[in-house]
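Student: need the 3D shape of this:
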Amino acid sequence: MYNPPAFREENPEILAELIRAARLAVLVSAAADGGVPEATHLPMTLVAEGPHGTLYGHVARANPQWRGLAAAGVARAIFTGPEAYISPSLYPSKQDHGRVVPTWNYVAVHAIGPVEIVEDADRLRGIVTSLTERHETPRAAPWAVTDAPDAFVAAQLKGIVGVVLRIETLIGKRKLSQNRAEPDREGVVTGLSASEDPADRAVAEAMRSL
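Tutor: Numbers count the residues shown, from 1 in each chain. The predicted structure follows:
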């Protein structure tokens with residue numbers, strides 16, 4: 001990921017928060033046949049294991065990517081946060097000199113590291129249980145893996161493989177108009193805050209948090 005110094009985020013606590021807030025990852029790895037890289041959208045759980053944390057998830061056994069993951073032994077998980085189109089009309093400097101162009105503000109984290117494929121039923125159950133608890137706990141009536149019949153769960157586990165990515169490299173990017181003069185940044189925040197699109201307002205809030 002191209003990441004100029006102005007946009008780099010290296011605070012590990014902020015990066016962990018961005019990963020957890022994004023929830024859904026895009027897992028990218030080399031194809032088993034050496035062709036076009038494979039990519040799967042999947043939820044991954046960040047656990048504080050190792051220097052940068054460890055990501056746990058699972059894919060369908062029918063998904064060919066896991067065989068490529070097993071062969072390559074390394075992958076990249078991409079997490080995206082708030083994003084919004086930035087119109088030049090939001091910059092006060094447009095009125096001064098007109099030398100402005102559209103851009104896009106966004107937040108992203110890339111986690112790179114060695115991958116382990118998990119087929120053991122007990123470990124798979126643990127991965128699925130942890131992911132379920134994370135998303136069900138806030139609900140008024142949370143569902144649990146143990147709510148389903150054991151035989152049914154065992155059958156479902158046979159249809160998936162676990163993915164464990166031990167993060168060795170974290171690349172964080174918060175492209176939020178840091179390269180603009182303060183009046184232009186304020187113009188963007190004001191404009192996005194007034195938008196009817198919640199995604200725009202989320203970027204305005206991210207800009208305020210810098």
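
Student: helices or strands up against the top helix by length along the chain?
Tutor: Using DSSP state H to define each element, the chain has its longest helix at helix 121-136. For helix 121-136, the contact count by 3 or more CB pairs under 8 Å, 6 or more residues apart in numbering; DSSP states H and E identifies strand 45-47, strand 54-60, helix 150-157, strand 160-166 as packing neighbours. Backbone N, C-alpha and C define where each C-beta goes, glycine included.

Student: give me the contacts around the longest one.
Tutor: Counting by CB atoms under 8 Å, 6 or more residues apart in numbering, the neighbours of helix 150-157 from elsewhere in the structure are A121, L124, R125, V128, V145, A148.

Student: quick one: residues contacting the residue most central in space within the chain.
Tutor: With the centre of the chain defined as its mean C-alpha position, the nearest residue by CA atoms, centre = their mean is F79, 1.5 Å away. If you count contacts by CB under 8 Å, 6+ apart, F79 has them with L18, I19, A22, L24, A25, A108, V109, H110, A111.

Student: rerun at 10 Å
Tutor: For F79, the residues meeting the contact criterion (CB atoms under 10 Å, 6 or more residues apart in numbering) are 15, 18-26, 44, 46, 55, 107-111, 172.

Student: count the neighbours of G126 for me.
Tutor: One way to gauge burial is a neighbour count; for G126, by other CB atoms under 10 Å, it gives 15.

Student: roughly how far does it sit from V164?
Tutor: Counting by CB to CB, to the nearest Å, the separation of G126 from V164 is 11 Å.

Student: what do you get for P92?
Tutor: Here P92 is placed at a distance of 49 Å from V164 (CB to CB).

Student: neighbour count winner among those two?
Tutor: Counting neighbours by other CB under 10 Å for P92 and for V164 shows that V164 has the greater number, 20 against 13.

Student: once you drop chain neighbours, what's closest to that one?
Tutor: Closest residue to V164 in three dimensions, ignoring its sequence neighbours and counting by CB to CB, 6 or more residues apart in numbering: E116, at 4.3 Å.
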